[in-house]
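Engineer: next one to model:
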Amino acid sequence: MRDVVASHQRARWGGDDVVATARRVANVLTRWSAVRRVAYPSTYLEVALEELVHDPDAAVEEICAFVGLEPSDELRAGFGTVPGRGPRRPLLPA
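Structural biologist: Alright, predicted model coming up:
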């Protein structure tokens with residue numbers, strides 16, 4: 001949660017009160033936890049950022065399978081690009 005709060009603090013809309021930001025983030029996480037307990041697993045997919053960073057191809061395949069799409073070379077080639085700006089920097093050092 002510390003990383004999320006720090007990220008919110010850096011955002012233009014995040015405010016400068018760390019305690020208020022931490023409470024707001026904790027509230028959102030508590031509400032999401034309550035939704036997860038009653039939601040059907042087939043209605044959402046959680047993908048950890050670590051999965052996207054360490055094995056983006058597997059993450060893309062998992063997402064495609066969840067929404068009923070076949071992963072394509074075109075999709076894989078576009079993963080990690082920013083529309084209008086080209087490729088992102090590599091997520092992991094080569």
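Engineer: and V60, how many neighbours does it have?
Structural biologist: 20 (other C-beta atoms under 10 Å). In short, each C-beta sits where N, CA and C put it, glycine included.
Engineer: which pLDDT value goes with the residue nearest to the spatial centre of the chain?
Structural biologist: The centroid of the chain falls nearest to L49 when counting by C-alpha atoms, centre = their mean (5.4 Å). L49 is assigned 84 on the pLDDT scale.
Engineer: helices or strands up against the longest helix along the chain?
Structural biologist: Using DSSP state H to assign secondary structure, the helix with the most residues in the chain is helix 18-38. Packed against helix 18-38 by the contact rule (3 or more C-beta pairs under 8 Å, 6 or more residues apart in numbering; DSSP states H and E) you find helix 2-10.
Engineer: quick one: list the elements packing against the helix it packs on.
Structural biologist: Using 3+ C-beta pairs under 8 Å, 6+ apart, the elements in contact with helix 2-10 are helix 18-38.
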